[in-house]
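Enquirer: predicted structure and sequence below. I'll ask about it afterward.
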Amino acid sequence: MDQVQKANSGHPGMPMGMADVATVLWSRFVKYDPVDPAWLDRDRVVLSGGHGSALLYGVMLLTGQGKAGDRHLGPMTVEDLQQFRQWGSRTAGHPEYGEGPGVECTTGPLGQGIAMAVGMALGEAHLRETFGVEVVDHRTYAMCGDGDLMEGVAMEAASLAGHLGLGRLVVLYDDNGITIDGGTQMSFTEDTTEKFRAMGWHVVSVDGHDIPAVTNAIAVARDVLDRPSLIRCRTTIGFGSPNKGGKSAAHGAPLGVDEVRLTKVALGLDPEQAFFVDPVAVALFRDGDGARAEARSAWNARLAGSPQRTAMLAQYSPTLDLSGVVWPAHAVGGKLATRKASQMAIQALAAAVPGLLGGSADLAESNLTTIKGDAEIQRGAYGGRNICFGVREHAMAGVSNGLVLHGGLRPYCATFLIFHDYHRPSFRLSALMGLPVVYVYTHDSVWVGEDGPTHQPIETLAAIRLVPNAWLVRPADANEANEAWAMALERCDGPVALALTRQELLTLDRTVYPPASSIRQGAYVLVEDAAATVTLIASGSEVGLALDARVALAGEGIAARVVNMACTAIFDRQDGDYKKAVLGGLPRVSIEAGVTAGWERYVGDGASVGIDRFGASAPGKVVSEKLGLNVANVVDVVRGVVG
C-alpha cells in the first residue's frame with residue numbers, strides 16, 4: 001500500500017491479495033542462498049503479473065537476500081521501496097531483470113512470465129539430466145493472474161509444458177475474479193481447471209488466504225514430478241481494504257490516503273506508520289537462513305566433488321569459447337542458400353559448444369536447424385538438444401528467453417522471417433533484458449515465391465532493425481553465414497537475428513574481395529573504385545545483385561563502389577571516420593528486398609531500390625523480377641541519381 005501510495009502510481013490489489021500466498025511460498029518452500037541471489041541451484045520464482053511488483057520488492061526486503069555491496073543485486077532496503085516507480089530506482093513499476101535480488105526476469109507484458117518460467121523449468125530438466133541431480137536440483141515457481149492466462153503466449157507455453165511433463169514447475173494462479181474493466185464474468189468464463197488438466201497439468205484449487213491449505217497445496221505440487229502444477233488460489237484483490245477490496249478499483253490505482261488508513265486499521269496495523277517493517281515478519285522469513293546457508297554449503301561440497309564440475313561451470317560461463325569450432329569450408333564460385341550454410345554451421349558449433357540447443361516452430365525441415373545425431377527433448381527424456389516447439393512461435397521465443405535466464409544454455413529458435421511478428425513481444429524482451437538468444441529466420445524475402453504475400457516478408461527486416469539492442473545480420477554468402485553465427489554466439493548482451501535465404505547465393509572469392517569477417521564491422525566496402533561516381537549499398541542476397549549491377553553500369557561508363565551492409569546496428573556504433581570511409585561522399589543507392597524505409601539514413605539524398613508493396617504468388621525469381629529487384633531497374637535508378 002505504502003509503495004503505491006507514495007508513488008501515487010501502481011497496482012496495490014495483486015500484492016495485497018497474494019501476500020498470504022507469497023509468504024507461504026518464500027518462507028517455507030523457496031530454496032535460495034540469502035547472500036547470493038545468483039546461486040546456480042536456487043529455485044526460480046517468476047512474478048508473471050509484473051504489475052504486482054510491489055509484492056516482490058516487499059518480500060525481498062523481508063527475506064533480506066542480496067549480494068552485499070552490489071548496486072544491482074544488493075539487499076532491498078526501505079529506501080528502495082520509498083523510491084518505487086521513480087527515475088533511477090531499483091523498484092521499477094514492473095520488475096526489471098538485473099535490478100534487484102529475486103527479479104529473475106523482466107515482466108509486465110502479461111503471459112510472458114509463464115513462457116519464461118517454462119523455459120527455466122526446461123533448462124533445469126535438461127541440465128539435471130546432463131550433470132546429475134546432485135548438482136542440479138531445483139524448482140521453478142511462477143505467480144500469475146487472470147490476465148496472464150488470457151494471453152495466447154501463456155497458453156502456448158502451458159501446452160508445451162504439459163506435453164513435456166515439466167514436473168518441477170509450479171504456477172500459483174491469483175484467481176481473484178477481477179480484471180481492470182470489472183469482473184472476469186465479462187470476458188473470461190472458461191473452466192480453467194479442466195483446460196489445464198486437458199493440457200496435462202496437475203490442478204488444485206485452494207483458498208489463497210488459508211495458510212495451511214496453501215502450504216499443503218504447494219507441498220503436494222512439489223511431489224508431482226511427472227507434470228507441471230497449477231494451484232488456483234482464490235483470493236480477494238486488495239485484501240483488507242474495506243471499500244475497495246474485491247473490486248477492480250483496487251487493481252491499478254493507489255487506494256488513497258484515507259483508504260490506506262482504514263485498511264491498516266482493518267489489518268491491525270498502526271495507521272500512523274508508513275513503510276513499517278515488523279520484526280515478527282522479518283523473523284518469519286529469515287529464521288530459516290541458517291538452514292539455507294547449510295544447504296548452499298552442502299551443494300558447494302557436492303559440486304567440488306563432482307566429476308562434472310569443470311564442464312558444468314564452463315557451460316555456465318556467459319562467454320563462449322569458439323576456438324575449437326571446425327567451421328565448414330565453402331568453395332569459391334559454388335552456390336549455397338545461406339539457410340543451408342547455417343545448417344552446416346550449427347553442426348560445427350554443436351560439436352564444440354555443449355550448451356547450444358534449440359529448435360523450430362514446426363519448420364525444422366525448412367529452417368534446417370536440427371542438430372544431427374542428437375536426440376529430441378521429450379517427456380521424461382530431457383538430455384537431447386533438439387527442441388520440438390510445435391506451431392508455437394510466441395512461446396518458442398519466450399521459452400528461449402527462459403532458457404537463457406536459467407543459465408548454462410545458449411538457445412536458438414527458428415521460423416520463417418515473416419513469422420517474426422508472431423513472437424515480436426518476446427523478441428523485444430530479449431533485447432530489453434539483454435539476452436543472447438539467437439533467432440534463425442529463413443526464407444527472408446520475396447524469393448519465398450509461390451507461397452505468396454502472406455509468407456513474403458516485406459516490412460519485417462525494417463521492423464526488427466527498429467528494436468533497440470537487437471542485431472539483425474543478413475549474410476551475403478555461405479562464408480558470411482559462418483561469421484554471422486560466430487557473432488551471434490560471441491554476443492552476450494542481446495539477441496541476434498539471422499536473416500537467411502531460401503535461394504542459392506554465389507560464394508564470393510575472398511582473394512578478390514575483403515574477408516567474410518569484415519561483416520563484424522556491420523558494413524564494409526566490398527568493392528572500391530577510385531573512378532566511382534556512385535555507391536551501391538546492399539544487404540544479404542542483394543549484395544550479389546549489386547555486384548551484377550556494377551558490371552552493367554561499367555558497360556555504360558558508370559563506375560560504382562559496392563558496400564555490404566550486413567548489420568546496421570553494428571555499423572551505427574562504429575566511429576565517425578569508419579562510417580564516413582565506408583559510405584563515402586558519392587551519391588548512394590541502397591538495394592534490399594524489403595521496404596525502403598530506414599535506408600534514407602544511409603543514402604541521404606540518393607535513392608533506394610526496394611519493395612514498398614506486398615508481394616505476389618509466383619516463382620521467386622519471377623516475383624523478384626516483377627517487383628524491380630533486377631539489374632535493369634538498379635541501373636535505371638542509378639542513372640537518375642548520377643544524372
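Expert: Perfect, I can see it now.
Enquirer: helices or strands up against the longest helix along the chain?
Expert: Secondary structure of the chain per DSSP state H: the longest helix is helix 112-131. Under the contact criterion of 3 or more CB pairs under 8 Å, 6 or more residues apart in numbering; DSSP states H and E, helix 112-131 touches strand 44-47, strand 140-145, helix 146-150, helix 152-164, strand 169-175, helix 309-316, helix 393-406, helix 424-433. C-beta coordinates here come from the backbone N, C-alpha and C atoms, glycine included.
Enquirer: contacts only, for Ser360.
Expert: By CB atoms under 8 Å, 6 or more residues apart in numbering, the contact list for Ser360 reads 366-367, 369-370, 389, 413-415, 440.
Enquirer: what sits against the nearest residue to it once chain neighbours are set aside?
Expert: Computed as CB to CB, 6 or more residues apart in numbering, the closest residue to Ser360 that is not its neighbour in sequence is Ala414, at 4.1 Å. Ala414 is in contact with 358-361, 363-364, 367, 369, 439-442, counting by CB under 8 Å, 6+ apart.
Enquirer: from these, which two are the most distant?
Expert: Ala364 and Tyr439 (15.0 Å; CB to CB).
Enquirer: quick one: the most centrally placed residue in the chain from Thr106, how far?
Expert: In the chain, the centroid-proximal residue (CA atoms, centre = their mean) is Ser430; its distance is 3.2 Å. To Thr106, Ser430 is 10 Å away according to CB to CB, to the nearest Å.
Enquirer: one step back: from Val467, how far off is the residue nearest to the centre of the chain?
Expert: Remark: distance between Ser430 and Val467 (CB to CB) = 9 Å.
Enquirer: ok, Asp137 - contacts?
Expert: Applying CB under 8 Å, 6+ apart to Asp137 gives the contacts 41, 128.
Enquirer: which residue is the nearest non-sequential neighbour of Gly252?
Expert: His11 (5.1 Å).
Enquirer: that neighbour: what secondary structure?
Expert: Secondary structure of His11, reduced to three states by DSSP: H, G, I helix; E, B strand; the rest coil: coil.
Enquirer: what distance do you get for it to Thr106?
Expert: Distance, His11 to Thr106, using CB to CB: 16 Å.
Enquirer: what's the closest non-adjacent residue to Ala593?
Expert: Ser445 (3.7 Å).
Enquirer: next, give phi and psi for that neighbour.
Expert: Backbone torsions of Ser445, given as degrees, to the nearest 10, read phi -160, psi -170.
Enquirer: please, which helix or strand holds Leu56?
Expert: According to DSSP states H and E, Leu56 maps onto helix 53-63.
Enquirer: could you dump the longest helix of the chain to PDB, C-alpha only?
Expert: Written as PDB, here are the backbone C-alpha positions of helix 112-131 (Å, rounded to 0.1, in the frame of the first residue of the first chain):
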ATOM      1  CA  GLN A 112       5.500 -13.600 -20.900                       C
ATOM      2  CA  GLY A 113       6.400 -14.700 -17.400                       C
ATOM      3  CA  ILE A 114       4.700 -18.000 -17.800                       C
ATOM      4  CA  ALA A 115       6.600 -18.700 -21.000                       C
ATOM      5  CA  MET A 116       9.900 -17.700 -19.400                       C
ATOM      6  CA  ALA A 117       9.100 -19.900 -16.400                       C
ATOM      7  CA  VAL A 118       8.500 -22.900 -18.700                       C
ATOM      8  CA  GLY A 119      11.900 -22.100 -20.300                       C
ATOM      9  CA  MET A 120      13.600 -22.100 -16.900                       C
ATOM     10  CA  ALA A 121      11.900 -25.400 -15.900                       C
ATOM     11  CA  LEU A 122      13.000 -26.900 -19.200                       C
ATOM     12  CA  GLY A 123      16.500 -25.600 -18.700                       C
ATOM     13  CA  GLU A 124      16.600 -27.200 -15.200                       C
ATOM     14  CA  ALA A 125      15.400 -30.600 -16.600                       C
ATOM     15  CA  HIS A 126      18.000 -30.600 -19.400                       C
ATOM     16  CA  LEU A 127      20.900 -29.700 -17.100                       C
ATOM     17  CA  ARG A 128      19.800 -32.100 -14.400                       C
ATOM     18  CA  GLU A 129      19.900 -34.900 -16.900                       C
ATOM     19  CA  THR A 130      23.200 -33.700 -18.200                       C
ATOM     20  CA  PHE A 131      25.100 -33.100 -15.000                       C
END
